[in-house]
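>>> how would this look folded up:
(2 chains)
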Amino acid sequence: MTPSVPAPRTVRTPPLAEPSGWHRITLTVNGERITAEVESRLLLSDFLRDRLRLTGTHVGCEHGVCGACTVLVDGEPARSCLTLAVQCDGAALRTVEGLAPGDAPLTPVQRAFHTCHGMQCGFCTPGFVMTATALTEQPERPGPDEVADALSGHLCRCTGYRNIRRAVCQALDERFGE
Amino acid sequence: MSHASDPGRQDGGSWIGRSVPRVEDDRLLRGNGRYVDDIALPGAVEAAFLRSPHAHARIESIDVKAALEAPGVVAVWTGDDVASLPPMLNKEELRTPPGLAALLDPTVRMTPMPLLAGEKVLYVGQPVALVLAENRYLAEDALELVDVRYAPLPVLVDREDALSEQAPLLHDGLPDNTAVAVRARVGDPDTVFASAHTVIGERFEAHRYVASPIETRAVSAQVDPYSGRLNVWSGTQTPHRLREATAHTLGLTADTVHVVAADVGGGFGQKGILYVEELLVPHAARVLGRPVLWREDRNENLTASSHAREQIHSIELAADAEGRILGVRDRILVNFGAYNVTGLVVPYNSLCHLLGPYRIPHVDIDVTGVLTNTTFATPYRGAGRPETVFAMERAMDRLAAALGLAPEELRARNLVGPDEMPYTTGLVDRSGSPQSYDSGDFPELLRRAVAKADPEDVRARQREGARDGKHIGVGFAMYIEATGLGPFETARIDIAPTGRVRLAIGAPSQGQGHRTSMAQIAADAIGVPLGVIDVTGGDTEATPFGVGTIASRALVNAGNATHRAGRLVREKIIDAAARRLGVPADSLDLSDGVVAAKEPGGPSMDLAELAGRAPLPGTPEPTDGRHGTEISETVHFRPPGFAVASGAHAAVVEVDEHTGAVEILHYVVVHDAGVIVNPMIAEGQVTGGIAQGIGGALYEEMVYGPDGQPRTGTYMDYLVPTSSEIPDLDMDELFTPSPMNDLRVKGLGEGGAIAPQAVLANAVEDALRPFGVVVRRGPLSPSRVRDLIRTPATPA
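Below is the predicted model:
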């Protein structure tokens, strides 16, 4: 028996059931200015992944704990699963794709995760890399407690964290000197 | 063929044994990974599942009318809509090996799982209806509109009630709630126990916790418009099994189903089994004629993807006056949850790993798996070993206390020695053969762990007394792990016309770095640089057969298949070059990707020249009827037995009697996995396993209320450790090679996760000795530690 297919197929992706809730936003994503129409309930993570096809930002828990979806909003790490796209009107966003576009050499943070084996399945990695990138972009080297606090906002189930700590330390050494 | 691009190699030696940086990393670091949810399928319908809010209930009616009318909804299916499809049953996992069946006659009851619950729901989270809509927002909106009327039934949560007369029966047609039962005996345990100098008996509980990969499960499917084949992308550890199950369920032939395990964000066993969602999504893609995507959310993953670990051990040890263990008796109760998904796998692993590294002549182990109204439990990293090691290693410490021996001394007196290998235990292994430890040096593992942990120093500090209510303690735990489970794994190697080497293996990677480590094996076997090898894992079109990446088996099975295929391809390359060059094959050598005469000044040829000639006009017609452009080999490696890995862990902890907090001061691991292919990757595997074990030991627990409601359905309640909770580890290793395979390797993916629960419980109990505490279950959360301190231990 073939299950029935009752509803006529819609041709266009319909809005997210909030036709009155559309907003036009203008923002910068990885240096590119973008204007978009977004529904008020559209999550930033879905905007990046589904509308812009920037799938390097991963969604691990959708409730703001695992940190896999972390992107930089005006330079600060933010959970894109807890941020609405409409909140980012006027903001400058950076995602993992923007760090070393195309064949550009990996950034010191990316390189450190590679050389220190600070990644296994790679799913949590973009989130860690974005948080670590923000640490390296501070005017002065963050202290050990600040680094530990920043890293504890992310879950990794593969590495046991030791090599992630080593990678971040190596990237900070490279940026600020040992 | 530039060698400059080959990292990690400084001379002409072998690739095996080098910490080659991973070839996987670059694309993952750039955000170019392709996990299932990242694969663009234009026009895809997204799926969402309505799940049972009841632990046990009869479904009286389902009304989908309002949901069907919701915006963007394409279809809403219930059990009736898929009633023509057979229920899910993973026959491979439920099969009893003939040797086991003949010797032990185990009970294994089948509980086929309906794709969508029809008459009854058996656990909170069971799929009841499937909504297919233009996107996930709309699908989830419509879920709210599906009206299901349930008639609640009595709920069975406590596994100890499962076999009572009053227990509600979960599955109609079964005589009781037994899922599996098996008993194994060696020697004459009852006589030994009746006359032994010392007997201890305890009840230890392994608590329920879960794999929790950071990528939740996902599956998408599309009927390929050109070939008509059904393409399925799944975050699965066992793509070939999924292909067979999909074909069987949908009434297709296996060659018309193509399963790809894309990038997978961690599996740890949870993605190694079949799920109904994996069968329904491809079905929907065929029925709707559109691509379909489903990705689980975290709440679904925590509550409705497979659980693990929950066991009760009623264990007794008998010893003589010198502390030689004479016998063990253990009655093990395993909570299977609502369905028997993987049969004997976990219970029998627990049974045949209970003896561990110890020489115990008289044995009586009885395992019963029972069905309850909780999410089904299946293998999770360690798969029955962490549970059984918790029981045995806790019992060892209780026995040491009864005998007045230091725990490490009791262990040392009972270890199987390296001169006894291969050692047979008298039990039967999981494949039905006499259980044999092929290799290992357990006394040396322990000696090194003791040297690092320095228990005498800890005891000296204990004698000085606690400071500010902080008590120090030391614990040890040892394990063996039979790795490299069969029945086989496949490797296929061919040479592309460009001269690149293509290696395909049946086992996919979920972060283990196969593209690097398998390439190292192939490079050595063939005699080519690492950089010319491309590795594909877990694509059912690339290898005709395969099993998967489970049970610490990929390196042993896929690695040795790769090695053998590589050696055969090497011979073919040399033969083909000899024909082309018109010289005897034995005058040629192949290294670094070039076939050259052994004598200086002779002819040479690289792989591109050899494989890259299309039969165009102007190229010579081959005289032997071969064009020489096809050089390939497919090997199925079938392990003759288990390669036994082993380890000793030690921990020094500080326990705060006021807060109940446990701090790990020193964590020692000494492990033995035979020959190591990539030390960097191996160390990462061990470290990651230990982190999961520490999580289970101290923080993680999947809690059910008496009503069968899961209480830890988010990461706010279910506490996966962060970087702050996992210390650096003090690691050492032995390399006793396995005689069971050409590469002399053993599996190590699970090993790290096996001992942490036991070693931390032992260390905490040692720290809390002044309070007379007996640790009988985890996790050792602050509140449980405070309870232990407040409530003196009663005899078991």
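>>> for the stretch 151-300 of chain B, which residues are neighbours of chain A?
Contact residues (CB under 8 Å from any CB of the partner chain) of the stretch 151-300 of chain B with chain A: B:211-216, B:263-266, B:268, B:287-288, B:290, B:297-298. Where you see a C-beta, it was placed from the backbone N, CA and C, and this is true even at glycine.
>>> contact partners for whatever residue of chain B ends up closest to chain A?
Nearest residue of chain B to chain A: residue B:31, at 1.9 Å (CB to the nearest CB). Residues near residue B:31 by CB atoms under 8 Å, 6 or more residues apart in numbering or on different chains: A:54-57, A:95-97, A:126.
>>> helix, strand or coil: sort out it for me.
Secondary structure, DSSP: H, G, I helix; E, B strand; the rest coil: residue B:31 is coil.
>>> skipping its backbone neighbours, what lies nearest it in space?
Excluding the flanking residues, the one nearest residue B:31 by CB to CB, 6 or more residues apart in numbering or on different chains is residue A:56, at 1.9 Å.
>>> the one you found in helix, strand or coil?
Counting by three-state DSSP, the backbone at residue A:56 sits in coil.
>>> residues contacting it?
By CB under 8 Å, 6+ apart, the contact set of residue A:56 is A:95-97, A:126, B:30-33.
>>> before we move on, back to that, out of the contacts of residue B:31, which comes closest to residue B:710?
Closest approach to residue B:710 among those (CB to CB): residue A:57, at 28.7 Å.
>>> next, count neighbours for residue 123.
I went with chain A, as the question did not name one. By the criterion of other CB atoms under 10 Å in any protein chain shown, residue A:123 has 30 neighbours.
>>> chain B is the one I meant
Around residue B:123 there are 28 residues (other CB under 10 Å).
>>> repeat for residue B:770
Neighbours around residue B:770, by other CB under 10 Å: 12.
>>> return the distance of residue B:355 relative to residue A:138.
In this view, residue B:355 and residue A:138 are 55 Å apart by CB to CB, to the nearest Å.
>>> nope, residue A:76 is what I was after
11 Å.
>>> residue B:239 too?
44 Å.
>>> again, but for residue B:51
Separation of residue B:51 from residue A:138 (CB to CB) stands at 44 Å.
>>> those two: which is more packed in?
When residue B:51 and residue A:138 are compared for neighbours, residue B:51 comes out ahead with 19 against 13, by other CB under 10 Å.
>>> who's in contact with the more buried one?
B:124-128, B:300, B:303-304.
>>> show me which pair in these is furthest apart.
Comparing all pairs in those by CB to CB, the longest separation belongs to B:128 and B:303, at 13.9 Å.
>>> what comes up buried for the helix or strand harbouring residue B:400?
Assessed by DSSP states H and E, residue B:400 sits inside helix B:385-403. Neighbour-count burial for helix B:385-403, counted by 16 or more other CB atoms under 10 Å in any protein chain shown, picks out B:385-401, B:403.
>>> avg pLDDT for whichever helix or strand comes after that helix?
Moving toward the C-terminus from helix B:385-403, the next helix or strand (DSSP H and E) is helix B:407-414. For helix B:407-414, mean pLDDT is 98.
>>> what's the answer for stretch B:512-532, then?
97.
>>> alpha carbons of it, in PDB - could you do that?
The C-alpha coordinates for stretch B:512-532 follow below in PDB (Å, rounded to 0.1, in the frame of the first residue of the first chain):
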ATOM      1  CA  GLN B 512      39.000   8.300  13.600                       C
ATOM      2  CA  GLY B 513      41.100   9.700  10.700                       C
ATOM      3  CA  HIS B 514      40.900   6.700   8.400                       C
ATOM      4  CA  ARG B 515      41.900   8.800   5.400                       C
ATOM      5  CA  THR B 516      45.200   9.300   7.000                       C
ATOM      6  CA  SER B 517      45.900   6.000   8.900                       C
ATOM      7  CA  MET B 518      44.600   3.700   6.100                       C
ATOM      8  CA  ALA B 519      46.600   5.700   3.600                       C
ATOM      9  CA  GLN B 520      49.700   5.100   5.700                       C
ATOM     10  CA  ILE B 521      49.000   1.300   5.600                       C
ATOM     11  CA  ALA B 522      48.400   1.400   1.900                       C
ATOM     12  CA  ALA B 523      51.500   3.500   1.100                       C
ATOM     13  CA  ASP B 524      53.700   1.000   2.900                       C
ATOM     14  CA  ALA B 525      52.000  -2.100   1.300                       C
ATOM     15  CA  ILE B 526      52.200  -0.800  -2.200                       C
ATOM     16  CA  GLY B 527      55.300   1.300  -2.100                       C
ATOM     17  CA  VAL B 528      53.900   4.700  -3.000                       C
ATOM     18  CA  PRO B 529      54.000   8.100  -1.300                       C
ATOM     19  CA  LEU B 530      51.100   8.900   1.100                       C
ATOM     20  CA  GLY B 531      50.100  11.900  -0.900                       C
ATOM     21  CA  VAL B 532      48.900   9.900  -4.000                       C
END
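>>> are it and chain A in contact anywhere?
Yes - under the criterion of CB under 8 Å from any CB, chain A is reached by stretch B:512-532 at B:512-513.
>>> can you give me the buried ones in that stretch?
B:512-532.
>>> residues touching the closest residue to residue B:116 other than its chain neighbours, list them.
Leaving aside its sequence neighbours, residue B:116 sits nearest to residue B:79 (CB to CB, 6+ apart; 4.3 Å). Residue B:79 makes contact with B:59, B:62, B:114-119, B:128 under the criterion CB under 8 Å, 6+ apart.
>>> so for residue B:79, what's the pLDDT?
On pLDDT, residue B:79 comes in at 97.
>>> list the residues that contact the spatially closest residue to residue B:354 that is not a sequence neighbour.
Of all residues not flanking residue B:354 in the chain, residue B:388 sits nearest, at 4.8 Å (CB to CB, 6+ apart). Residues in contact with residue B:388 (CB under 8 Å, 6+ apart) are B:311, B:313, B:332, B:349-351, B:353-354.
>>> in CSV, list those along with distance to residue B:322.
Shown next, in CSV, are the contacts of residue B:388 (distance: CB to CB, whole Å):
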residue, distance to residue B:322
B:311, 31
B:313, 25
B:332, 28
B:349, 31
B:350, 29
B:351, 28
B:353, 26
B:354, 22
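>>> what's the domain layout of chain A?
Under automatic domain parsing, the residue ranges defining each domain of chain A are A:22-98, A:108-176.
>>> I'd say residue B:597 and residue B:603 touch.
Yes - counting by CB atoms under 8 Å, residue B:597 sits close enough to residue B:603 to count as a contact (5.8 Å).
>>> which neighbours do those two share?
Contacts common to residue B:597 and residue B:603, judged by CB under 8 Å, 6+ apart, are residue B:583.
>>> what does the lengthiest helix in chain A rub up against?
In chain A, assigned by DSSP state H, the helix with the most residues is helix A:162-176. Residues outside helix A:162-176 that contact it (CB under 8 Å, 6+ apart): A:108-109, A:111-113, A:115-119, A:128, A:132, A:135-136, A:140-142, A:147, A:151, A:156, B:684, B:687, B:723, B:726, B:728-729.
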